[in-house]
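>>> Just need the structure, nothing else, for what follows:
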Amino acid sequence: MNKESFKYSLILLLVALIWGAAFVAQSMGNAAGPLSFNAARNILAAISLLPILIHHKTHPKPGKNHWNRSIVIGGIVCGVVLAIASNAQQYGLMYASAGKAGFITAMYIVIVPIMGLFVKHKPNLNMVISLVLACIGLYLLCWTNDGAFTIYDGFLLFCAFLYAIHILVIAHFGVRGDAVLMSMIQFLVCGTVTLIAAILFEDFSITKLSGSIIPILYTGILSSGVGYTLQIIGQQHLDATLSSLILSLESVFAVLSGWVLLGEVLSFREIFGCVLMFVAIILAQCPPLKLNNKSLR
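Numbers count the residues shown, from 1 in each chain. The predicted structure is shown next:
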């Protein structure tokens, strides 16, 4: 790994740390209502990027077209996907711990190669083993004593699927222009869609939002505004496999944050489930295993 790649790898590691700690803030912000909370954080994220965007406008880089069709379309598509994904995650966090939510959400790293099957990418041995380990880990982590897979676990798993799509959309559109502009567009779209839903389906209230001001500030400015923008910047300079592997560490930071800040304690079964899922996540990103000097594909 050269010095340039190392620098952008550290940027994505910072993103993973910010996102991992964000699960704690999101758990604390549900008092305002899941939709209201997400609407506020995304609108705040868009506003927080305005100074940077103005600076880019007044100090343009030679030969770089900030406003281009790909960035606008990519921002809109990312915004719609992010709106559905983040709201599904926020509903899941109503009854799931920050650590548990972090690990289930990180399943997007395993889901990405599954999507490759639909474009005729044959699975390798790593992916097959990863899927088996992830399914076992998910069972240990989510299945309750009465054998019921709760709807809130389902929300988080659905969120992981959508985040996989979100990563693929960024990989397609994010290399074609201003990362800050694309990020701002996605937050405006996500915030607007979620705000409309909050007004229609929740008791939207500024007073309730004021009671969750700290979680909103953290998730809006750091997790969304800074985190998602740095994600786009990092992915512009690293391949998707390495980017996904580094970002998957958010699950570890989520568990550590829940333990340190919220005093959350996982049972042995849940910890073992986390370990299996994390091994699956790492294995899914490793070079294909070889047997008799031939790659198993």
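
>>> Enumerate the positions of the strand or helix carrying residue 168 that are buried.
Per DSSP states H and E: residue 168 is located in helix 151-173. Judged by neighbour count using 16 or more other C-beta atoms under 10 Å, the buried positions of helix 151-173 are 152-153, 155-171, 173. Quick note: C-beta positions are derived from backbone N, CA and C, even for glycine.

>>> Work out the gap between that helix and the centre of the chain.
7 Å (C-alpha atoms, centre = their mean, to the nearest Å).

>>> Might you list the low-confidence residue ranges for the stretch 151-297 of the chain?
174-177, 239-242, 245, 281, 284-285, 288-297 (pLDDT under 70).

>>> mind listing the strands in it by residue range?
For the stretch 151-297 of the chain, the strands defined by DSSP state E, counting those that start in this stretch occupy 290-291, 294-295.

>>> Report all helices and strands that the helix holding residue 168 contacts.
Packing partners of helix 151-173 (3 or more C-beta pairs under 8 Å, 6 or more residues apart in numbering; DSSP states H and E): helix 69-92, helix 98-105, helix 108-115, helix 229-237, helix 240-247.

>>> Pop out the phi and psi values for the residue nearest to residue 246 when sequence neighbours are not counted.
Closest residue in space to residue 246, ignoring its immediate chain neighbours: residue 12 at 4.2 Å, by C-beta to C-beta, 6 or more residues apart in numbering. Per-residue torsions, residue 12: phi -70, psi -30 (degrees, to the nearest 10).

>>> residues touching residue 12, list them.
Going by C-beta atoms under 8 Å, 6 or more residues apart in numbering, residue 12 touches 230, 231, 234, 235, 238, 243, 246, 247.

>>> my read: the third one touches residue 243, true?
Yes: at 6.1 Å, residue 234 counts as touching residue 243 under the criterion of C-beta atoms under 8 Å.

>>> number of nearby residues for residue 268?
8 (other C-beta atoms under 10 Å).

>>> Likewise for residue 283?
20.

>>> All further residue positions should be reported with the first residue as 59.
Happy to do that; since the first residue is 59 now, the last one works out to residue 341.

>>> can I assume it is in contact with residue 188?
Yes: with contact defined as C-beta under 8 Å, residue 341 reaches residue 188; the gap is 4.8 Å.

>>> Tell me how far the closest residue to residue 147 other than its chain neighbours lies from residue 143.
Closest residue to residue 147 apart from its sequence neighbours, by C-beta to C-beta, 6+ apart: residue 217 at 4.1 Å. Separation of residue 217 from residue 143 (C-beta to C-beta, to the nearest Å): 5 Å.

>>> Same question for residue 95.
Using C-beta to C-beta, residue 95 is found at 15 Å from residue 143.

>>> okay, the two: which has more neighbours?
The neighbour comparison of residue 95 against residue 143 (other C-beta under 10 Å) goes to residue 95, with 30 against 22.

>>> Okay, that one and residue 75: tell me how far apart.
21 Å.

>>> Put the alpha carbons of stretch 315-327 into CSV.
Only the C-alpha atoms of stretch 315-327 are listed here, as CSV (Å, rounded to 0.1, in the frame of the first residue of the first chain):
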residue,chain,number,x,y,z
SER,A,315,-19.4,2.7,22.0
GLY,A,316,-22.5,0.9,23.4
TRP,A,317,-20.4,-0.7,26.1
VAL,A,318,-18.5,2.5,27.1
LEU,A,319,-21.2,5.1,26.7
LEU,A,320,-24.5,3.1,27.4
GLY,A,321,-23.3,0.3,29.6
GLU,A,322,-24.7,-2.3,27.2
VAL,A,323,-23.9,-5.9,27.9
LEU,A,324,-24.2,-8.7,25.3
SER,A,325,-24.8,-12.3,26.3
PHE,A,326,-22.2,-14.9,25.5
ARG,A,327,-24.4,-16.2,22.6
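
>>> Show me what that stretch is in contact with.
Residues outside stretch 315-327 that contact it (C-beta under 8 Å, 6+ apart): 78-79, 81-82, 85, 155-158, 160, 198, 313, 332.

>>> Swap in 6 Å and give it another go.
By C-beta atoms under 6 Å, 6 or more residues apart in numbering, the surrounding residues in contact with stretch 315-327 are 78, 79, 82, 155, 156, 157, 198.

>>> Need phi/psi at the nearest residue to the fourth one once chain neighbours are set aside.
What sits nearest to residue 155 in space, not counting adjacent residues and going by C-beta to C-beta, 6+ apart, is residue 322, at 4.8 Å. Taking degrees, to the nearest 10, you get phi -70, psi 140 for the backbone angles of residue 322.
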